[in-house]
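*Asks:* Take this sequence and fold it.
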Amino acid sequence: MVNWVCFDCRWAGRRSGSVTDVACPRCGESAVFLGTKIEVPPKSKPSDWDALRDWYYSTARAVERRRYAETVRRRHDLERKIRDLTALPDNEGRASLVKRLRSELETLQHDV
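*Replies:* Model prediction:
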């Protein structure tokens, strides 16, 4: 069981670990997944809820920035490999590798 919370109405609930989206039963907004280790404050402490919300969103932004940086780094690595391979003489195995790398690069560019 994992913790889900709604910061709008300070609802907290537990659901099975396989659930991917939980709506708040009080306000209907999407609840936020906190996992099993994060302690949920009592409803009577709004300042603790504000601190939890601030921590959650700052952590989520940091994770998103890290994920974006990793994607950009991977894209540059693919571009470099493609450039280096296409500079070499033609070869059947190399051509299929370049095709696969270009496909992966295209997928990455759609994800960013």
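
*Asks:* Okay, helices next: where are they in the chain?
*Replies:* For the chain, helices defined by DSSP state H occupy the ranges 46-86, 92-111.

*Asks:* Any chance of the ones you listed in JSON lines with distance to residue 32 as columns?
*Replies:* C-beta here means a position set from N, CA and C on the backbone, and glycine is covered the same way. Formatted as JSON lines, those follow (distance: least, CB to CB, whole Å):
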{"stretch": "helix 46-86", "distance to residue 32": "6"}
{"stretch": "helix 92-111", "distance to residue 32": "23"}
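
*Asks:* Model confidence at the most centrally placed residue in the chain, what's the number?
*Replies:* Central residue of the chain (CA atoms, centre = their mean): residue 64, 6.0 Å from the mean position. We have a pLDDT of 88 for residue 64.

*Asks:* between the helices of the chain, which one is nearest to residue 4?
*Replies:* helix 46-86 (11.8 Å; CB to CB).

*Asks:* and residue 1, what does it touch?
*Replies:* 14-17, 36 (CB atoms under 8 Å, 6 or more residues apart in numbering).

*Asks:* between those residues, which is nearest residue 42?
*Replies:* residue 14 (15.4 Å).

*Asks:* ok, for that closest one, nearest residue in space, not its chain neighbours?
*Replies:* Nearest in space to residue 14, with sequence neighbours left out and distances taken as CB to CB, 6 or more residues apart in numbering, is residue 1 at 4.3 Å.

*Asks:* By neighbour count, which of the contacts of residue 1 wins?
*Replies:* residue 15 (15 neighbours; other CB atoms under 10 Å).

*Asks:* So the residue with the largest distance to the centre of the chain versus residue 58, what's the distance?
*Replies:* Distance to the chain centre peaks in the chain at residue 89, reaching 39.7 Å (criterion: CA atoms, centre = their mean). Counting by CB to CB, to the nearest Å, the separation of residue 89 from residue 58 is 51 Å.

*Asks:* what do you get for residue 47?
*Replies:* Taking CB to CB, one finds residue 47 at 16 Å from residue 58.

*Asks:* just to revisit the earlier point, rank the helices of the chain by pLDDT, which is bottom?
*Replies:* helix 92-111 (a mean of 90).
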